[in-house]
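**Q** Provide a 3D model corresponding to the input given below.
(chains A and B)
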Amino acid sequence: MANVIVMTSGKGGVGKTTSSAAFGTGLALKGLKTCIIDFDVGLRNLDLIMGCERRVVFDFINVIHGEARLNQALIKDKRVENLFILPTSQTRDKDALTTAGVERVLEELKKEFDFIICDSPAGIERGALMALYFADDAIIVANPEVSSVRDSDRILGVLQAKSYRAEHGLAPVREHLLITRYDPKRVERGEMLRVDDVLEILSIPLLGVIPESPAVLRASNVGMPVVLDEDSNAGLAYADAVARFLGDSVEHRFLKPDRKGLFNRLLRRTA
Amino acid sequence: MTPHDRIARLEEGSEPRPPALAAPEQCDGQGRADGSAAPERSGGEWKSPTASGDAPFQLRGHSFPMTLLKVLDPLHPQFFPMLAEKVGQAPNFFRNTPVVLDLESLPQDAPFDFREFSGVLRSHGLVAVTLLGGNPRRQEDAMAAGLALLPARQRRGESEARASADRAELPYQRTTQMVTEPVRSGRQIYAQNGDLIVCAPVSPGAELLADGNIHVYGALRGRALAGASGDGTARIFCQSLEAELVSIAGLYLVSEDMGSDVHRRQVQVHVRDGCLHIDPMNP
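**A** You can find the predicted model right below:
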């Protein structure tokens, strides 16, 4: 049975799309057939991050409105087997999403995919609600700073009240926390919230901590999910998070400042 | 008028017995308790007012200043010695003076032996005649001992919260709402006609409302409004006060004004004398 995962946060710019791309790719690398859907209608970014922006013909909105078939809109990733992207429209906006349309598309996708990742837009309005409505699992993306954590708390409340599962009294959506842009040096200086601080406020299980990394920008510039950059700490942390999600117990890395010895510094390992 | 003034007048030869115990007719029109106003019994026959055939009595309202004995600690070993000392300062005034007993400061369920107390009181020149207010059980005990009852009077200038408490005295079915999951930002919970218990943290931006009390077994980081329908006796309890705002029956305090000494402490918030008080609950 396919699993629908929503990547959401409330706050904008915390790393939802980066995480959707990396996490989805990570699942596909493990041999699981994965589809990532862009729900940010009108402000689409998933296709850029995945590097398939020049191959978009039909999109999610076309499929919802019956203007195209699903397999016409799905884009197969060139690098990773089992990985597909469903981009969204850039010319329309979130009002073009309908609950019935989204449900129909998801039902069709569930027939052939193991995991469906819904890349949510920021906010708590229609676009975000559509993305989380049919979710079985929710990965809450938060930066270790107060406004992001506050917004994540809000989106958790929305998830617990307005999802399909909540409205129909089913088992609640499983919640996971993904802390992104974590900088251990700034945490030590007291400029950033510690992992424990965030956990105390949000009280949901920790899926992973992704360190702040220049590799993320480099990856998005070339349209490659950062998890494919095996030299980057961020990429490794995403791979860890995928393993944890699938049930492996993996210790959290990159939580302490990197005390590089002279030798490592000479080798100039990338962050 | 001080007891000493009364003593001066009393020593002028007028009847020392205050007219309160006397039949209404024996009072002067103003109903003053000082002996000087007591009418002198003239010599000659006392004419019956019923000679014309009316009712053999007159029953009408009258005001008498009464001595109030507010009992604070009846078990204090020096209670009666100290009372005797006070009485000794004005022996003629306190000769068989009727007193109204006020036991409101005692715990409501503490037993009180009216008969015994009255007995000892009488030996000090005070006659317990009436119980002021009191719960039904206490009133029963007082009546059994031969005391009369006087309804508790309203204090002048009572706080708005107290008035609210009286208004909320109407009986309602108390139901307690229990919440065991964290209360997320933006969520609003209203426990109507009862208390609200939250066994999880309350996030900033969340709102708890209850007609009764609010108990948070966790950190209270949002807003808590108890006594939402006006019950000023409602309280707020929490294990860690980090609230944005607390309110009881409309009286409120924002985070800034709560005081740094109660921040993150286990506290109870309640109304006293018309103001919100935040008291830590552990030493």
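**Q** use CA for all of it now, contacts and neighbours both
**A** Fine.
**Q** show me the contacts for the most centrally placed residue in chain B.
**A** In chain B, the centroid-proximal residue (Cα atoms, centre = their mean) is B:E104; its distance is 5.0 Å. By Cα atoms under 8 Å, 6 or more residues apart in numbering or on different chains, the contact set of B:E104 is B:70, B:133-134.
**Q** make CSV out of those and add pLDDT and neighbour count.
**A** Shown next, in CSV, are these (pLDDT from 0 to 100; neighbours: other Cα atoms under 10 Å in any protein chain shown):
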residue, pLDDT, neighbour count
B:K70, 88, 15
B:G133, 83, 17
B:G134, 83, 20
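**Q** from these, pick the one nearest chain A.
**A** Checking the contacts of B:E104 against chain A by Cα to the nearest Cα gives B:G134 as the nearest, at 48.5 Å.
**Q** quick one: residues contacting the closest one.
**A** B:102-104, B:152.
**Q** from the residues you listed, which is closest to A:F245?
**A** Nearest to A:F245 among the contacts of B:G134 is B:E104, at 64.2 Å by Cα to Cα.
**Q** measure that closest one to chain A for me?
**A** Distance of B:E104 to chain A, computed by Cα to the nearest Cα, to the nearest Å: 46 Å.
**Q** name the element the residue nearest to the centre of chain B belongs to?
**A** Counting by DSSP states H and E, no helix or strand carries B:E104.
**Q** look at it and report its pLDDT.
**A** Looking at B:E104, its pLDDT is 85.
**Q** and B:A224, how close does it get to A:Q90?
**A** According to Cα to Cα, to the nearest Å, B:A224 stands 44 Å off from A:Q90.
**Q** got the contact list for B:C199?
**A** Contacts of B:C199 (Cα under 8 Å, 6+ apart): B:178-182, B:216-218.
**Q** any chance of those in a markdown table, plus pLDDT?
**A** Shown next, in a markdown table, are the contacts of B:C199 (pLDDT from 0 to 100):
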| residue | pLDDT |
| --- | --- |
| B:M178 | 95 |
| B:V179 | 95 |
| B:T180 | 95 |
| B:E181 | 92 |
| B:P182 | 93 |
| B:V216 | 97 |
| B:Y217 | 96 |
| B:G218 | 94 |
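**Q** the stretch 151-283 of chain B against chain A: which residues are in contact?
**A** Residues of the stretch 151-283 of chain B lying near chain A by Cα under 8 Å from any Cα of the partner chain: B:182-187, B:201, B:203-204.
**Q** B:R265: which of the residues you listed is nearest?
**A** B:P201 (14.2 Å).
**Q** confidence score at that closest one?
**A** On the pLDDT scale, B:P201 gets 94.
**Q** how about the residues of the stretch 101-250 of chain A by chain B?
**A** Counting by Cα under 8 Å from any Cα, the stretch 101-250 of chain A sits next to chain B at A:150-151, A:153-154, A:156-157, A:201, A:203.
**Q** please repeat the previous calculation with a cut-off of 7 Å.
**A** Within the stretch 101-250 of chain A, the positions lying close to chain B (Cα under 7 Å from any Cα of the partner chain) are A:153-154, A:156-157, A:201.
**Q** turn those residues into a markdown table, columns for neighbour count, pLDDT and secondary structure.
**A** A markdown table is the format used below for those (neighbours: other Cα atoms under 10 Å in any protein chain shown; pLDDT from 0 to 100; DSSP: H, G, I helix; E, B strand; the rest coil):
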| residue | neighbour count | pLDDT | secondary structure |
| --- | --- | --- | --- |
| A:D153 | 28 | 96 | helix |
| A:R154 | 27 | 96 | helix |
| A:L156 | 25 | 96 | helix |
| A:G157 | 18 | 95 | helix |
| A:I201 | 21 | 92 | helix |
